[in-house]
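Trainee: Following is a predicted model, sequence given first.
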Amino acid sequence: PLVRVMLTVNGKPENLTLDARTTLLDMAREHLKLTGSKKGCDHGQCGACTMIVEGRRVNSCLSLAVMHDGDTITTIEGLGTPDKLHPMQAAFVRHDGYQCGYCTPGQIVSAVAMLEEVRSGAPSFVSPDLEHAEYSDTEVRERMSGNLCRCAAYPNIVAAIGDVHA
Ligand code: FES
């Protein structure tokens, strides 16, 4: 069946009629032509499809668009432009935080939301007894563990994220 979905994507209101089975990822890529979010595994394992939904990181391949009626969504296209990169995008460029680049949009979207989690005082994964998140490379690796990089550019990804946080 077809369903109507109204949501805000990268600050723009969208009013779509979709097959009820359409994922958030396919909605972005096929219907809105926002192809920055990648389909790596389509099973919630790689993080290449990460979007920020109502302030939280979501694997968009696992979520149906119809579940997000009324939600506010940010994709990589909403973070910066070629002329004015988001600070996280600029840091990834500075630190070569990629090799093939396929996972990069998901890495950057995830990193931006992850730093917001840290700033908002989300408990540390590595040291849960700490009242506020401990910010270390170990903590970053743990918080970014949902985003895989087949090229294993992890040291540079962690360095880029640390540069933005510093
Ligand atoms: Fe969604 Fe891999 S494509 S987690």
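Mentor: It's in. Numbering: from 1, shown residues only.
Trainee: rest of the way, CA atoms for contacts and neighbours
Mentor: Will do.
Trainee: quick one: contacts for G78?
Mentor: Applying Cα atoms under 8 Å, 6 or more residues apart in numbering to G78 gives the contacts 9-11.
Trainee: now the longest helix along the chain: mean pLDDT?
Mentor: Assignment by DSSP state H gives helix 104-119 as the longest helix of the chain. Here helix 104-119 scores 94 as its mean pLDDT.
Trainee: what comes up buried for that helix?
Mentor: Residues of helix 104-119 classed as buried by neighbour count (16 or more other Cα atoms under 10 Å): 104-115, 117-118.
Trainee: Reformat the residues you listed as a markdown table; add distance to the ligand.
Mentor: As requested, the buried residues of helix 104-119 are arranged in a markdown table below (distance: Cα to the nearest ligand atom, whole Å):
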| residue | distance to the ligand |
| --- | --- |
| T104 | 12 |
| P105 | 12 |
| G106 | 9 |
| Q107 | 11 |
| I108 | 14 |
| V109 | 13 |
| S110 | 12 |
| A111 | 15 |
| V112 | 17 |
| A113 | 16 |
| M114 | 16 |
| L115 | 20 |
| E117 | 20 |
| V118 | 22 |
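Trainee: the domain parsing of this protein - what is it?
Mentor: Listed by automatic domain parsing, the domain ranges of the chain are 2-78, 87-165.
Trainee: Of the contacts of G78, just say which sits nearest to M67.
Mentor: M67 has its nearest neighbour among these in V9, at 14.4 Å by Cα to Cα.
Trainee: check contacts around that closest one.
Mentor: V9 touches 72-75, 78, counting by Cα under 8 Å, 6+ apart.
Trainee: Tell me the one of those nearest the ligand?
Mentor: Checking the contacts of V9 against the ligand with Cα to the nearest ligand atom, the nearest one is T75 at 13.2 Å.
Trainee: Tally up the residues packed near the closest one, please.
Mentor: 26 (other Cα atoms under 10 Å).
Trainee: and if you look at the one 10 residues further on?
Mentor: Here the number of neighbours of L85 (other Cα under 10 Å) works out to 13.
Trainee: Is any residue of stretch 47-60 near the ligand?
Mentor: Yes - using Cα under 6 Å from any ligand atom, we find that stretch 47-60 touches the ligand at 47-49, 59-60.
Trainee: Please state the offset of that stretch from the chain centre?
Mentor: Counting by Cα atoms, centre = their mean, to the nearest Å, stretch 47-60 is centred 5 Å from the centre of its parent chain.
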